[in-house]
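1. with the sequence up front, the predicted model follows.
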Amino acid sequence: MSKPNTEATGKPTPIAGCTIFLVILGMVSFLAIFAWYQYGQYKTEIINISQKEAKPTPLASLDDKAAISALDAKMGAFERAVKNGDKTQITFTPEEMNLAIARYDKLKPFRGMMSIREITEQTIIADICFEVRAGFEGERFLNGSMTIEPEIAMGSLFPTVTEISPDTGNPVPPKMTREFPTFLFTEYRNDEELAKVFHKLSTVQLSPGLMTIVSDPKIKQPDALPENVDDDVDKALYLFGLLVFMFSTTVAFLLWVRKRKQQAENE
């Protein structure tokens, strides 16, 4: 008597089930190994560019009442003009930018973390002290300086970071340099109160010791972030898609096993 063809009878076949299980196990193992490798690499990179002790950046004094009044008047005039739909501009010196950090609550997160040192024709140079984490090693601090090339993206001021120079002297991986703009940009971009004014910007220009921001309703801004940031978002979406595929495959396998088992019991 010949052996029954389990494929033809619809009963579960061990080979098919094991094959699917091994494929899923292989995918899970690959993702686990990849995640552990990424964690180890990230941890090492953070330790190389950070220190255990923070070196807070200087905070501007609020004793000069005349300077504060002048800054408040400048900000108020710019806000009114933008809300009225008028073309207008505002300028900042490094001293005014540091005073704004010390003066306004919206910039409170940057106190002790960033201080503008210099404005050149192309870049803004700032001293920084950002808290970072090296995996489970606890908090560490990225002390050093950062070079920024500001640009307008989605009607907002976007700080493109071109260079980070840690006090440790070790180079910062390019990926981390690209991620800092998003870190600096996200909270400001999502603030609904600031949107009425600082999401309606048109151009930004630098000159020695001065940054000039223009708001012109006639200039339409593209609804997109700089290309290097979009690339990182695409990579994140790709990884998310891979995880969704793995989950869907696992669910499909479990449903297949359940269906085969029910068919076997009915026969």
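-> Structure's in. What do you need?
2. what's near enough to touch residue 133?
-> Counting by CB atoms under 8 Å, 6 or more residues apart in numbering, residue 133 touches 46, 139, 140. (Each C-beta comes from the backbone N, C-alpha and C, glycine too.)
3. list the contacts for the closest residue to the first one other than its chain neighbours?
-> Spelled out, that is residue 46. Closest residue in space to residue 46, ignoring its immediate chain neighbours: residue 134 at 4.0 Å, by CB to CB, 6 or more residues apart in numbering. With contact set as CB under 8 Å, 6+ apart, residue 134 has these partners: 42, 43, 46, 47, 50, 140.
4. run the last query once more with 10 Å
-> Neighbour list for residue 134: 42, 43, 44, 45, 46, 47, 48, 49, 50, 140 [criterion: CB atoms under 10 Å, 6 or more residues apart in numbering].
5. give the bridge partners for the last one, please.
-> Here residue 140 shows beta-bridge partners residue 132, assigned using DSSP bridges.
6. you'd agree it is up against residue 45?
-> No - taking contacts as CB atoms under 10 Å, residue 140 lies outside contact range of residue 45: 11.6 Å.
7. which neighbours do these two have in common?
-> 132, 134.
8. ranges for the helices of the chain?
-> Secondary structure of the chain by DSSP state H: the helices cover 6-9, 14-49, 65-83, 94-103, 174-189, 192-198, 227-266.
9. for the contacts of residue 133, give me JSON lines that also has distance to residue 118.
-> Formatted as JSON lines, the contacts of residue 133 follow (distance: CB to CB, whole Å):
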{"residue": "46", "distance to residue 118": "27"}
{"residue": "139", "distance to residue 118": "29"}
{"residue": "140", "distance to residue 118": "26"}
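10. just the CA trace of stretch 69-78, in CSV.
-> The C-alpha atoms that make up stretch 69-78 are tabulated as CSV, following Å, rounded to 0.1, in the frame of the first residue of the first chain:
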residue,chain,number,x,y,z
SER,A,69,13.6,96.3,26.5
ALA,A,70,15.2,96.8,23.1
LEU,A,71,15.0,93.0,22.4
ASP,A,72,11.3,92.9,23.6
ALA,A,73,10.5,95.8,21.3
LYS,A,74,12.2,94.3,18.3
MET,A,75,10.5,90.9,18.8
GLY,A,76,7.1,92.6,19.3
ALA,A,77,7.4,94.7,16.2
PHE,A,78,8.4,91.6,14.1
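11. break this protein into its domains for me.
-> According to automatic domain parsing, the chain comprises the domains 11-49+233-266, 65-225.
12. can you tell me which of these the model trusts least?
-> Among the domains of the chain, domain 11-49+233-266 has the lowest mean pLDDT, at a mean of 64.
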